[in-house]
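Asker: Got a sequence here, can you model it:
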Amino acid sequence: MFRRLEEHEITYPLGASCPIKWKQPKKSVKELQEKYSTGIRLRFKVLMRDKFTCQYCGRKAPEVVLEVDHVFPQSKGGKDEMDNLVVLVGTVILENMI
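Answerer: Residues are numbered from 1 along each chain as shown. Presented below is the predicted three-dimensional model:
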């Protein structure tokens, strides 16, 4: 009828609140997604402009997975504009980050 509580489990009487106060994030997930998401139409325009080809290694879709990346990162003030976006293979993006 009763189950045994483990040491890490804490129970509170009905109506009691948890004593831990969680900090609310400064920005919501939706705000962050809007800030850092490149629109589908813009991504497709960049893919068309670059002819579905990685601009560093020259490989083409469908043999590799292509991604649209910022030349100048958004975290450093880069904009979602055609001249700041480039098509790359995902592994090239990772190599450039290291």
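
Asker: contacts, neighbours, all on C-alpha from now
Answerer: Will do.

Asker: Flag the shaky bits of the protein, pLDDT-wise.
Answerer: Within the chain, the segments meeting pLDDT under 70 span 1-25, 27, 29, 32-38, 91-98.

Asker: any idea where the helices of it begin and end?
Answerer: 29-36, 40-49, 90-97 (DSSP state H).

Asker: Remind me what the second one packs against, helices and strands.
Answerer: Counting contacts by 3 or more Cα pairs under 8 Å, 6 or more residues apart in numbering; DSSP states H and E, helix 40-49 is packed against strand 66-70, strand 85-89.

Asker: Quick check: buried residues in that helix?
Answerer: By 16 or more other Cα atoms under 10 Å, the buried positions in helix 40-49 come out as 43, 46, 47.

Asker: what does stretch 58-76 give?
Answerer: Within stretch 58-76, the residues that count as buried by 16+ other Cα under 10 Å are 59, 60, 66, 67, 68, 69, 70.

Asker: Now that stretch - C-alpha only, PDB.
Answerer: The C-alpha trace of stretch 58-76 is given here as PDB (Å, rounded to 0.1, in the frame of the first residue of the first chain):
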ATOM      1  CA  GLY A  58      32.800  21.800 -53.500                       C
ATOM      2  CA  ARG A  59      30.700  18.800 -52.600                       C
ATOM      3  CA  LYS A  60      27.100  18.800 -53.700                       C
ATOM      4  CA  ALA A  61      23.800  17.500 -52.400                       C
ATOM      5  CA  PRO A  62      22.500  14.700 -52.100                       C
ATOM      6  CA  GLU A  63      25.900  13.100 -51.400                       C
ATOM      7  CA  VAL A  64      26.300  15.300 -48.300                       C
ATOM      8  CA  VAL A  65      24.100  17.200 -46.000                       C
ATOM      9  CA  LEU A  66      24.300  20.900 -46.600                       C
ATOM     10  CA  GLU A  67      23.700  23.600 -44.100                       C
ATOM     11  CA  VAL A  68      23.400  27.400 -44.400                       C
ATOM     12  CA  ASP A  69      25.800  29.100 -42.000                       C
ATOM     13  CA  HIS A  70      26.600  32.700 -41.200                       C
ATOM     14  CA  VAL A  71      30.000  34.100 -42.400                       C
ATOM     15  CA  PHE A  72      29.900  36.600 -39.500                       C
ATOM     16  CA  PRO A  73      28.200  35.000 -36.500                       C
ATOM     17  CA  GLN A  74      24.900  36.400 -35.200                       C
ATOM     18  CA  SER A  75      26.400  36.300 -31.700                       C
ATOM     19  CA  LYS A  76      28.900  38.900 -32.900                       C
END
